[in-house]
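Participant: Just need the structure, nothing else, for what follows:
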Amino acid sequence: MIENVQKGVDAQVTEGFKTMPNLYAQRGSAGTAIGNVESQVAGSVGYIGRFAGVVHLYSPQTFARRMTSAMLNLADHAIEANERANERVNDVIGGLSNRVVGHIKSQISDRGMPCVPTLHRAR
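Facilitator: From the prediction side, this is the model:
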């Protein structure tokens with residue numbers, strides 16, 4: 001079952017990136033930095049029921065801004081480091097996190113173990 005959940009997470013992240021031109025997702029090991037060390041944006045959404053868990057999605061701040069620009073069809077420079085831009089970035093990461101957990105929730109519920117998602121949090 002755990003392997004199916006992991007495959008579901010990978011598939012949903014990859015699918016989510018198909019809507020973002022010139023961007024792609026790559027799985028990294030939990031707790032390891034990829035590339036340069038910089039501020040991270042993290043989305044965290046859980047699901048509870050007979051089967052429970054939490055999905056954490058991390059992205060370097062620069063890449064999270066690029067994702068946000070792509071999702072909102074804005075020029076890269078339009079998402080500057082300011083409070084309003086940070087809200088948009090958090091919304092995009094939170095939305096991607098929700099999409100992934102929604103897919104997992106559906107897979108688990110379809111196997112007779114109903115569960116519900118928790119609230120998302122992006123920082």
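
Participant: Select the longest strand from the protein.
Facilitator: Counting residues, the longest strand in the chain under DSSP state E turns out to be strand 40-49.

Participant: and the residue nearest to the spatial centre of the chain, what helix or strand is that in?
Facilitator: Closest residue to the average C-alpha location of the chain: Ser97 at 3.5 Å, with C-alpha atoms, centre = their mean. Using DSSP states H and E, Ser97 sits in helix 83-110.

Participant: how close does the closest residue in space to Val100 that isn't next to it in sequence sit to Ser69?
Facilitator: In space, and not counting its chain neighbours, Val100 is closest to Gln12: 4.3 Å by C-beta to C-beta, 6 or more residues apart in numbering. C-beta: built from backbone N, CA, C; applies to glycine. The gap separating Gln12 from Ser69 is 21 Å, by C-beta to C-beta, to the nearest Å.

Participant: what stretches of the protein score poorly on pLDDT?
Facilitator: 1-2, 5, 16-37, 76-78, 81-82, 120-123 (pLDDT under 70).

Participant: number of nearby residues for Thr68?
Facilitator: Residues near Thr68, counting by other C-beta atoms under 10 Å, number 25.

Participant: how far does stretch 88-95 sit from the chain's center?
Facilitator: Here stretch 88-95 is found 8 Å from its chain centre; the criterion is C-alpha atoms, centre = their mean, to the nearest Å.

Participant: my bad, stretch 105-123
Facilitator: With C-alpha atoms, centre = their mean, you get 14 Å for stretch 105-123.

Participant: and if you look at stretch 56-75?
Facilitator: 10 Å.

Participant: Can you list the buried residues in that stretch?
Facilitator: Neighbour-count burial for stretch 56-75, counted by 16 or more other C-beta atoms under 10 Å, picks out 57-60, 63-71.

Participant: Can you add secondary structure and distance to Gly102 and give those back as JSON lines?
Facilitator: Formatted as JSON lines, the buried residues of stretch 56-75 follow (DSSP: H, G, I helix; E, B strand; the rest coil; distance: C-beta to C-beta, whole Å):
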{"residue": "Leu57", "secondary structure": "strand", "distance to Gly102": "13"}
{"residue": "Tyr58", "secondary structure": "strand", "distance to Gly102": "19"}
{"residue": "Ser59", "secondary structure": "strand", "distance to Gly102": "19"}
{"residue": "Pro60", "secondary structure": "strand", "distance to Gly102": "25"}
{"residue": "Phe63", "secondary structure": "helix", "distance to Gly102": "23"}
{"residue": "Ala64", "secondary structure": "helix", "distance to Gly102": "20"}
{"residue": "Arg65", "secondary structure": "helix", "distance to Gly102": "24"}
{"residue": "Arg66", "secondary structure": "helix", "distance to Gly102": "24"}
{"residue": "Met67", "secondary structure": "helix", "distance to Gly102": "18"}
{"residue": "Thr68", "secondary structure": "helix", "distance to Gly102": "20"}
{"residue": "Ser69", "secondary structure": "helix", "distance to Gly102": "24"}
{"residue": "Ala70", "secondary structure": "helix", "distance to Gly102": "21"}
{"residue": "Met71", "secondary structure": "helix", "distance to Gly102": "17"}
